[in-house]
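Q: Fold the following and give me the result.
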Amino acid sequence: MDNKLEKTVFEQEVYRIPALFYDRDRKLLMAFAEKRRTSDDTSGLALVLKSGTINQDETTQEVTIEWSEPISELVKARLDGHRPMNPCPVYEKTSKTLFLFFICVEGTVSEQQQIASGCNKARLCYVTTKDAGQSWSDVTDLTESLDEIQQWATFAVGPGHGLQTEGGRLIVPVYAYASGSCLCCCSTCKPIPYALSLYSDDKGDTWQFGKMLQNESIECEMAEFFDDTDNSFIYCNARNKGCYRVEAVSKNNGDEFTKLGRNLVETGGGCQGSVVSFPAQSESTNQSQSPNKWLLFSHPSDKSKRVNLGVYLNTSPGSSNAWSKPYIIYRGPSGYSDLAYIDDGWFACLMECGKHRETEQIAIKVFDYKDIKQGIGE
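A: Predicted coordinates:
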């Protein structure tokens, strides 16, 4: 572990499922999580937010975070009789509006109960803020406006961040348990999960789903990158029940995806991971050469259990064979995580971690491109 130690963001109460957004205008990190009674998925109480200001030393260029805001419960991010889950922020740059997507699940119904019965009890919701979380809109429930949801056993967004493409499309990562030709409440066939995108081309006024990935896939995140001729691609990295992560790429803004090879190892039983794109870095100056050409991925690095959270570098997006070895940013029990690119070659990773189990706290680790290169041994 280097001298940039992780800092606790959420502890004492039970917090899980981190999501992270960096507000470049305000130089502010917004950290989201679920507050729960226990670590169990069915015990959710509320979505919470804690904000911190980014400071960079003019002499050393070191980045630190000043957590000036107390933890606040997002009282508008809920529906009566439901528990809010899976925070997923996505920012619309033109209107300077942050959408916080999440699902609301009826009562204490578990995901497995929905899958077994084929009856969806989840609803697709969001709230918005234009003042970095000082105030929030009333909740918007999109469930009835999207016909696909009626054919799913259940679904969820993210968890983790969404993105806005350079062309302006808002993209929210989603996974859904599709029942094939069976309708809701038909239990004769077992629903299969697939990742897909939810997107908007009108700054968030209306939303629609893209096509599902070809391979079975669960929790996912997406990032935009460009080729040498400035063509845009959407990369998707998804949790899998097998031995390797599911990777796919879209040439049409996330409408549909083509699968890539298998290279990134999945932790036994599967675990959520995060991916972010960032400007290609000069080896000497850490300055941008071209926009959004490289990828960083975070995930527990062990093949069998949730320990030793690592970040992996890919300087040739679109190739699943180009991933580096992991730079371990937390040694010990670690689980879900979310990455944010802070600029000037600096990153933040919000992660579940602990001494004995990964659900003890949610902490943040700040590091730069030089740390990554050193950590992967290059």
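Q: so where is the stretch 101-250 of the chain shaky, pLDDT-wise?
A: Low-confidence segments of the stretch 101-250 of the chain, defined by pLDDT under 70, are located at 180-188.
Q: where along it do the helices fall?
A: For the stretch 101-250 of the chain, the helices defined by DSSP state H, counting those that start in this stretch occupy 111-117.
Q: And the strands in it, which stretches?
A: With DSSP state E, counting those that start in this stretch applied, the stretch 101-250 of the chain shows strands at 122-129, 140-141, 152-157, 163-164, 170-178, 192-200, 208-209, 220-226, 232-238, 246-250, listed in chain order.
Q: The fifth one pairs with which strands, and in what direction?
A: Strands that pair with strand 170-178, judged by DSSP bridges, come out as strand 152-157 (antiparallel), strand 163-164 (antiparallel), strand 192-200 (antiparallel).
Q: mind putting these in JSON lines, mean neighbour count and distance to residue 227 included?
A: To be clear about C-beta, it is placed using only N, CA and C from the backbone, and glycine gets the same treatment. Conversion of these to JSON lines gives the following (neighbours: other C-beta atoms under 10 Å; distance: least, C-beta to C-beta, whole Å):
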{"stretch": "strand 152-157", "mean neighbour count": "25", "distance to residue 227": "28"}
{"stretch": "strand 163-164", "mean neighbour count": "22", "distance to residue 227": "18"}
{"stretch": "strand 192-200", "mean neighbour count": "24", "distance to residue 227": "20"}
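Q: now the residue sitting nearest the centre point of the chain, nearest residue through space, not along the chain?
A: Nearest to the mean C-alpha position of the chain, by C-alpha atoms, centre = their mean, lies residue 160 at 2.1 Å. If you skip the residues right next to it in sequence, residue 160 has residue 338 as its closest partner in space, 4.4 Å away by C-beta to C-beta, 6 or more residues apart in numbering.
Q: how far off strand 220-226 does the longest strand seen in the chain point, in degrees?
A: Longest strand in the chain by number of residues, with DSSP state E as the criterion: strand 327-343. What separates the directions of strand 327-343 and strand 220-226 is an angle of 60 degrees, with axes from the mean of the first three to the mean of the last three C-alpha atoms, to 10 degrees.
Q: Does the next helix or strand after strand 327-343 pack against any helices or strands, and if so which?
A: From strand 327-343 onward toward the C-terminus, using DSSP states H and E, the following helix or strand is strand 346-353. Using 3 or more C-beta pairs under 8 Å, 6 or more residues apart in numbering; DSSP states H and E, the elements in contact with strand 346-353 are strand 14-23, strand 274-278, strand 294-300, strand 307-314, strand 327-343, strand 361-368, helix 369-375.
Q: packing partners for the shortest one?
A: What it means is strand 274-278. Counting contacts by 3+ C-beta pairs under 8 Å, 6+ apart, strand 274-278 packs against strand 220-226, strand 232-238, strand 294-300, strand 327-343, strand 346-353.
Q: So in that sheet, which strands flank that strand, and in what orientation?
A: Taking DSSP bridges, the sheet neighbours of strand 274-278 turn out to be strand 294-300 (antiparallel).
Q: contact partners of the strand it pairs with?
A: Contacts with strand 294-300, where a contact means C-beta atoms under 8 Å, 6 or more residues apart in numbering, come from 223, 225, 235, 237, 245, 264, 267, 271, 273-281, 306-315, 317, 323, 329, 334-335, 337-339, 341, 347, 349, 351, 372.
Q: Bridge partners for the residue nearest to residue 160, pull those for me.
A: residue 350.
Q: my guess is it meets residue 29, correct?
A: No. Distance between residue 338 and residue 29: 10.8 Å, which falls outside the contact criterion (C-beta atoms under 8 Å).
Q: What count of nearby residues applies to residue 354?
A: For residue 354, the neighbour count with other C-beta atoms under 10 Å is 17.
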